[in-house]
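Visitor: sequence-free structure coming up:
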């Protein structure tokens with residue numbers, strides 16, 4: 001059943017099916033932010049009364065995010081949570097800071113071909129500084145080759161960077177196995193949990209650093225976090241006041257922190273909605289053989305449906321259905337005109353990649369709303385074949 005957020009989206013005349021790009025802001029998160037936007041203008045790093053009140057709000061939010069992230073009791077005191085401007089900063093900090101701290105003895109970084117651009121572009125930049133970068137292949141289902149991973153992760157490895165749930169095709173990577181390989185070699189494991197947190201189990205015990213983002217869990221844009229296991233702290237990426245534990249500089253926004261904290265607390269109690277029911281509807285409406293699923297059918301998050309249809313003109317489809325918000329690929333690469341690197345990594349041709357669409361749904365998606373939208377997508381795709 002659709003919630004308040006769904007009604008807000010519906011009032012705009014839009015059916016929103018792009019949850020991988022961003023999620024709707026939870027009404028409760030907005031309410032938590034408003035007092036700090038309207039009245040609480042003090043700097044949370046100032047020593048006066050109003051500054052201390054703002055600081056208290058930040059620390060309440062930090063505790064909320066940490067508790068939502070840490071589901072295992074034995075992990076409660078295992079690390080610290082640092083606020084960042086988003087997951088892109090968190091991943092950059094984890095990768096650059098870890099490699100620069102360890103590069104003397106461990107010059108290698110190991111990652112996966114289907115990672116987000118904030119990981120792949122960062123390791124490419126470090127390669128220009130001398131990093132020995134290994135990019136592991138995936139199979140046609142999108143799962144990393146663990147044999148290749150075992151061969152690559154050795155005593156020269158500083159960091160392994162792997163995404164829990166892929167942002168484009170929803171495939172779940174074997175983080176626990178990768179963590180064991182990293183630990184055996186004495187390397188760190190960074191888990192990009194942006195798309196997976198609150199959706200699939202996060203094996204935190206296998207991770208040394210975890211990047212998350214507020215706006216992918218019904219919180220505000222502009223804030224994320226990096227969880228760091230004790231003893232695995234990366235070197236600072238941003239220099240200045242050292243406001244975050246002496247390792248991350250910059251004035252925090254009490255409003256963004258409060259929104260993130262509330263969204264995280266809701267994630268822990270409400271989850272992501274009845275995604276399995278929505279998945280069944282999606283698979284029924286866009287059924288084979290016309291629609292082919294991109295990525296593994298089993299090891300995936302069911303709030304992400306990435307499918308292709310032979311001969312489909314995706315640009316025309318999106319133009320014909322302007323009141324439906326869905327994606328032709330990763331939001332980070334939209335408008336580039338380049339085929340998805342993820343779809344190419346699983347063996348699709350450029351032509352097949354260009355006939356693919358991504359549909360995302362979650363807490364505020366109504367079942368009837370989703371069924372009606374998918375019927376329209378299917379009908380518009382069929383009309384293209386008739387017209388051709």
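Guide: Structure received. What you see is a predicted model; the values in this text were computed from it and never measured. Numbering: from 1, shown residues only.

Visitor: going forward, measure contacts between C-alpha atoms and count neighbours the same way
Guide: Fine.

Visitor: Who are the contact partners of residue 295?
Guide: 140-142, 169-171, 306, 346 (Cα atoms under 8 Å, 6 or more residues apart in numbering).

Visitor: these two touch, right, residue 220 and residue 260?
Guide: Yes - look at residue 220 against residue 260 with Cα atoms under 8 Å: they come within range, at 6.4 Å.

Visitor: ok, these two, which is more surrounded?
Guide: Each of residue 220 and residue 260 has its neighbours counted (other Cα atoms under 10 Å); residue 260 has more, 36 against 26.

Visitor: Let me know the pLDDT of residue 289.
Guide: Residue 289 carries a pLDDT value of 88.

Visitor: For residue 63, see how far away it is.
Guide: For residue 289, the distance to residue 63 equals 48 Å [Cα to Cα, to the nearest Å].

Visitor: So those two - more neighbours on which side?
Guide: In this view residue 289 and residue 63 are compared by other Cα under 10 Å, and residue 63 has more residues nearby, 16 against 8.

Visitor: could you list every residue that touches the more buried one?
Guide: Residue 63 is in contact with residue 261, counting by Cα under 8 Å, 6+ apart.

Visitor: did I read that right, it in a helix?
Guide: Yes - assessed by DSSP: H, G, I helix; E, B strand; the rest coil, residue 63 belongs to a helix.

Visitor: which residue ranges form the strands in the stretch 1-150 of the chain?
Guide: For the stretch 1-150 of the chain, the strands defined by DSSP state E, counting those that start in this stretch occupy 15-16, 79-84, 108-112, 132-136.

Visitor: Got the domain ranges for the chain?
Guide: When the chain is parsed with automatic domain parsing, its domains come out as 4-17+273-387, 27-270.

Visitor: which of those sits most buried?
Guide: domain 27-270 (a mean of 20; mean count of other Cα atoms under 10 Å).

Visitor: what's the distance between that one and the middle of its chain?
Guide: Mean-position distance between domain 27-270 and its chain equals 10 Å (Cα atoms, centre = their mean, to the nearest Å).

Visitor: shouldn't residue 60 be in contact with residue 262?
Guide: No - counting by Cα under 8 Å, residue 60 stays clear of residue 262, with 9.5 Å between them.

Visitor: By mean pLDDT, show me the worst of the domains of the chain.
Guide: domain 4-17+273-387 (a mean of 88).

Visitor: ok, residues contacting stretch 128-143?
Guide: Outside stretch 128-143, the residues within contact range by Cα under 8 Å, 6+ apart are 103, 107-114, 123-124, 127, 144-145, 148-149, 152, 171-174, 294-297, 345-347.

Visitor: And the helices in the stretch 201-350 of the chain?
Guide: Ranges of helices within the stretch 201-350 of the chain are 254-270, 275-285, 314-320, 341-345, 350-353, based on DSSP state H, counting those that start in this stretch.

Visitor: From the contact counts, what lies against the helix or strand following the shortest one?
Guide: Pointing back at helix 350-353 there. Heading C-terminal from helix 350-353, the first helix or strand you meet, by DSSP states H and E, is strand 356-360. On a contact count with 3 or more Cα pairs under 8 Å, 6 or more residues apart in numbering; DSSP states H and E, strand 356-360 meets strand 304-308.
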